[in-house]
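Peer 1: For reference, the sequence and a predicted model appear below.
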Amino acid sequence: MFRQSTILLFSSAIALLATWAQAETLNVRLVLSDSTPPYQQFSAALNQALAASKADVAVIESQAGPHTQPGEGAHTDLVIAAGMKAMELAIAKFDVPVLGVMIPRMGYEALLERGSSQKRSKATSAIYLDQPWDRRLSFIQAALPKHKTVGLLYSSDTHILLPRLPRGMSLNAQSTRSAENFFATLESVLNNSDVLLVIPDSEIYSSSNVRNILLTSYRHQVPLIGISQAYVNAGALGAIFSIPEQLAEQTGEMIVSFARNRRLPEPQYPKLFTISLNQQVAHSLGIVLDSPEAIRERMDKAGEGRQ
């Protein structure tokens, strides 16, 4: 009788320990907007970061689509939504905390505004794709110290909070309401600016507009600062951005933190960033550029290269 009781007690203890062990595992659903290389790079880097952290995290990956359901696979504690399409789906379908990654700040805030009527009770946060204003302006100041007036073109429906400028720098910001006056406004901005700064405004910098914007700025001898490597490849003088691997590292840190306290921090900008320069365009414009390393060092010394 005593032996049977001991076996029963031992079995119960094992079952209880197994339950505790299962409860400690954080189940993460990673939803990718599509299967293009940037999202695949992010996924691979995130899994590497989590493996290196040795945190007890289980990741299930899926792609955003009409058939994506919250109930697929194991219970989900946290959703990582990579890209706007994935973020829209996650907010609509999952009733657990959601962390959006690889999404612009304006897109994230617009999503929350549209979804406010749903009175979502679970936490939502983000790691923005775009860089903070201070960092972008610091980059221009470090790379192009003689270029004092920064041109900014944005659509009338875009709500932007204009930044506080570093000493000696001025901003020439203009909005455009329609396709008819778009290039007239662009010409006006370029005529009164030393450099044109791209912002993540899809109405202005659409795939159909970017080439013409680059050609027009080049004709005016005004360098363009982009938001990705693709801009530099297409003819921008330079760009400051965060690559998928850098965003994945920061995401991994937030997942590990969430596993400990079950809380998401406030939305934040990328901690890590990359500088890319087009020396051929610089030479054509008569501009002498330092190396990315020298520019980054100058930004750090100014105290504005990190967020």
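Peer 2: Great, that's in hand.
Peer 1: Just the helices from the stretch 101-250 of the chain, written as ranges.
Peer 2: Along the stretch 101-250 of the chain, counting by DSSP state H, counting those that start in this stretch, helices occupy 105-115, 133-143, 182-191, 210-219, 229-234, 244-261.
Peer 1: Figure out which of these is closest to residue 52.
Peer 2: Among the helices of the stretch 101-250 of the chain, helix 244-261 comes nearest to residue 52, with 8.0 Å by CB to CB. No exception for glycine: its C-beta is placed from N, CA and C like everyone else's.
Peer 1: Remind me what the closest one packs against, helices and strands.
Peer 2: On a contact count with 3 or more CB pairs under 8 Å, 6 or more residues apart in numbering; DSSP states H and E, helix 244-261 meets strand 26-32, helix 37-53, strand 57-63, strand 78-82, strand 98-103, strand 124-128.
Peer 1: List the contacts of the last one.
Peer 2: Just to be clear, that refers to strand 124-128. Residues from elsewhere that reach strand 124-128 (CB atoms under 8 Å, 6 or more residues apart in numbering): 87, 91, 97-105, 108, 112, 247, 250-251, 254, 264-270.
Peer 1: Restrict those residues to the buried ones and give me that as a PyMOL selection.
Peer 2: Selecting only the buried entries of the contacts of strand 124-128 in PyMOL, with 16 or more other CB atoms under 10 Å as the criterion:
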select buried, resi 87+91+97+98+99+100+101+102+103+104+105+108+112+247+250+251+254+264+267+269+270
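Peer 1: most neighbours per residue, which of the helices of the stretch 101-250 of the chain?
Peer 2: Mean neighbour count (mean count of other CB atoms under 10 Å) peaks for helix 133-143 among the helices of the stretch 101-250 of the chain, with a mean of 22.
Peer 1: Could you give the average pLDDT over it?
Peer 2: For helix 133-143, the mean pLDDT works out to 95.
Peer 1: coming back round to it: could you dump the helices and strands packed on helix 244-261 to TSV with distance to residue 173 and mean pLDDT?
Peer 2: Shown next, in TSV, are these (distance: least, CB to CB, whole Å; pLDDT from 0 to 100):
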stretch	distance to residue 173	mean pLDDT
strand 26-32	34	97
helix 37-53	29	97
strand 57-63	38	94
strand 78-82	31	98
strand 98-103	23	97
strand 124-128	20	97
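Peer 1: Now distance to residue 301 too, for the ones you listed, in CSV please.
Peer 2: Shown next, in CSV, are the helices and strands packed on helix 244-261 (distance: least, CB to CB, whole Å):
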stretch, distance to residue 301
strand 26-32, 38
helix 37-53, 29
strand 57-63, 38
strand 78-82, 34
strand 98-103, 30
strand 124-128, 25
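Peer 1: of these, which approaches residue 284 most closely?
Peer 2: Between residue 284 and those, the tightest spacing by CB to CB is seen for helix 37-53, at 28.8 Å.
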